[in-house]
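> only geometry, no sequence info:
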């Protein structure tokens, strides 16, 4: 299962909003006006029956912990944050020390702009595993979004120290360095990411634009040529 972590690259791919609609229980009115106590009881009984059927029919109830987390990941990738969060919380209540769930919850809350919640779940993941690079990267995203660049940079740098081949960590670090106007270090972070995966078109594009802005035109041209080969 892929670990949930947000980067500038993944956020570019996720610039759409999920349309959410609360489902109504079929055949049961939401409110009974002017009805007798017996009719209210009948409606309540019908609602309970429908809810029981819905619980039995929910495939998530038949899944193992790993299967439930995989389902939540698929929902997250499909921008169905509501169901992803629901299934994560279902699993978290069973396994409060599951770092995969904690990471995914931190990413879900970040995408929904609930930054405090995102930081909370990243911190819980770090408490469970202080060597979890992805948790520091997710926490760095929260700091960067709040404009706390120094704290963001500290978390990104710690993430890539823990996991030297952490591509998303380098991408996040580069974006924060650009925001902090440390362009030379940003170039190095992008270059490091490409050393681990030369086929990242968006990273090559960002690096080429950065080199151009720095006046390093020959290097920018070489980057443009290499992009055409990818």
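Noted; the coordinates are in hand. Here the structure is a predicted model, which means the values were calculated and not measured. Residues are numbered from 1 along each chain as shown.

> after the least confident helix or strand in the chain by mean pLDDT, which helix or strand is next? Please name it.
Least confident helix or strand, the chain: helix 37-57 with a mean of 51, by mean pLDDT, DSSP states H and E. Downstream of helix 37-57, the next assigned helix or strand under DSSP states H and E is helix 65-77.

> tell me which residues in that next one are buried?
For helix 65-77, a neighbour-count test (16 or more other Cβ atoms under 10 Å) marks 68-73, 75-76 as buried. Every residue, glycine included, has its C-beta placed from N, CA and C.

> residue nearest the middle of the protein, spatially speaking?
Nearest to the geometric centre of the chain sits residue 107, at 2.9 Å (Cα atoms, centre = their mean).

> now that one: phi and psi?
As for residue 107, its main-chain torsions (degrees, to the nearest 10) stand at phi -70, psi -40.

> and the helices in the protein?
8-12, 37-57, 65-77, 81-94, 99-111, 115-128, 133-145, 149-162, 167-179, 183-196, 201-213, 217-229 (DSSP state H).

> weakest of these by average pLDDT?
Mean pLDDT per stretch puts helix 37-57 lowest among the helices of the chain, at a mean of 51.

> how close does residue 207 get to residue 187?
7 Å (Cβ to Cβ, to the nearest Å).

> who has more neighbours, these two?
Higher neighbour count among residue 207 and residue 187: residue 207, with 24 against 19, using other Cβ atoms under 10 Å.

> grab the nearest non-local neighbour of the more buried one.
residue 190 (4.1 Å; Cβ to Cβ, 6 or more residues apart in numbering).

> again, but for residue 136
residue 159 (4.1 Å).

> over to residue 137?
With Cβ to Cβ, 6+ apart as the criterion, residue 137 has its nearest non-adjacent residue at 4.3 Å, and that residue is residue 159.

> which residues touch the one you found?
Taking Cβ atoms under 8 Å, 6 or more residues apart in numbering, we find residue 159 in contact with 133-134, 136-137, 140, 166, 169, 172-173.

> swap the cut-off to 10 Å and go again
The contact partners of residue 159, by Cβ atoms under 10 Å, 6 or more residues apart in numbering, come to 5, 132-140, 166, 168-170, 172-173.

> which neighbours do residue 207 and residue 187 share?
174, 219.

> got the contact list for the residue lying closest to residue 162 once chain neighbours are set aside?
Excluding its sequence neighbours, the residue lying closest to residue 162 (Cβ to Cβ, 6+ apart) is residue 133, at 4.2 Å. Residue 133 is in contact with 3, 5, 155-156, 158-166, 168-169, counting by Cβ under 10 Å, 6+ apart.

> same check on residue 188?
170, 173-174, 177, 182.

> picking up where we left off before, for residue 190, see how far away the residue nearest to the centre of the chain is.
For residue 107 relative to residue 190 (Cβ to Cβ), the value is 22 Å.

> one more: residue 92?
According to Cβ to Cβ, residue 92 and residue 190 sit 35 Å apart.

> these two - which one has more neighbours?
Neighbours around residue 92 and residue 190, counted as other Cβ under 10 Å, are more numerous at residue 190. The numbers are 26 against 18.

> the more buried one touches residue 197, doesn't it?
No: the criterion here is Cβ atoms under 10 Å, and residue 190 misses it with residue 197 at 11.5 Å.

> can you list residues touching both of these two?
170, 203.

> contacts only, for the residue nearest to residue 207.
Counting by Cβ under 10 Å, 6+ apart, residue 190 has contacts 170-171, 173-175, 177-178, 200, 203-204, 206-208, 210-211, 223.
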